[in-house]
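Novice: Okay, predicted coordinates and the sequence, questions at the end:
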Amino acid sequence: MNKIVKKLLKRQLDKAKGAWPKKLPEALWAIQTSYRTATGETPFSMAFGSEAVVPVEIGEPSYRTETFAPKTNKEGLALSLDLIEERRAQANLRNEAYK
């Protein structure tokens, strides 16, 4: 995984020239929210049990932000956290099969 992160950061930051401090958070966000072929999951979802809300969705109306209900969301997050170990085990099996 470290090789992938290093390669992606190098590719993104080489293009940025002197603007790398501005581009670094964008590059790291892209790494954390990109699906991995081996697991079929994003690193963010593997850590937190749910998909991230893309910053564009916060400023612009989208189905996800328009239908947000705090109580339902809290219940859904609790359920996701209860099932995260199973999700990680399935991702590990996909990763082993990929190898």
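Specialist: Alright, I've got the coordinates.
Novice: Can you give me the distance of the most centrally placed residue in the chain to E60?
Specialist: The chain has T33 as the residue nearest its centroid, 2.6 Å off, counting by CA atoms, centre = their mean. According to CB to CB, to the nearest Å, T33 and E60 sit 17 Å apart. All C-beta spots, glycine's among them, are computed from the backbone N, C-alpha and C.
Novice: swap in V5?
Specialist: 29 Å.
Novice: ok, the two, which is more surrounded?
Specialist: V5 (14 against 9; other CB atoms under 10 Å).
Novice: what's the nearest residue to the more buried one if we skip its chain neighbours?
Specialist: Closest residue to V5 apart from its sequence neighbours, by CB to CB, 6 or more residues apart in numbering: I31 at 5.8 Å.
Novice: related to what we said a few turns ago, which pLDDT value does the model give the residue nearest to the centre of the chain?
Specialist: In this model, T33 is scored at 85, pLDDT.
Novice: right, and it touches V53 too?
Specialist: No. In this structure T33 lies outside contact range of V53 using CB atoms under 8 Å: 9.8 Å.
Novice: what touches both of these two?
Specialist: With contacts taken as CB atoms under 8 Å, 6 or more residues apart in numbering, T33 and V53 have no neighbour in common.
Novice: circling back: give me the next element, helix or strand, following whichever strand or helix holds the residue nearest to V5.
Specialist: Under the criterion of DSSP states H and E, I31 resides in helix 20-33. Downstream of helix 20-33, the next assigned helix or strand under DSSP H and E is helix 43-48.
Novice: which other helices and strands contact that following helix?
Specialist: Of the remaining helices and strands, those touching helix 43-48 by 3 or more CB pairs under 8 Å, 6 or more residues apart in numbering; DSSP states H and E are helix 20-33, helix 70-98.
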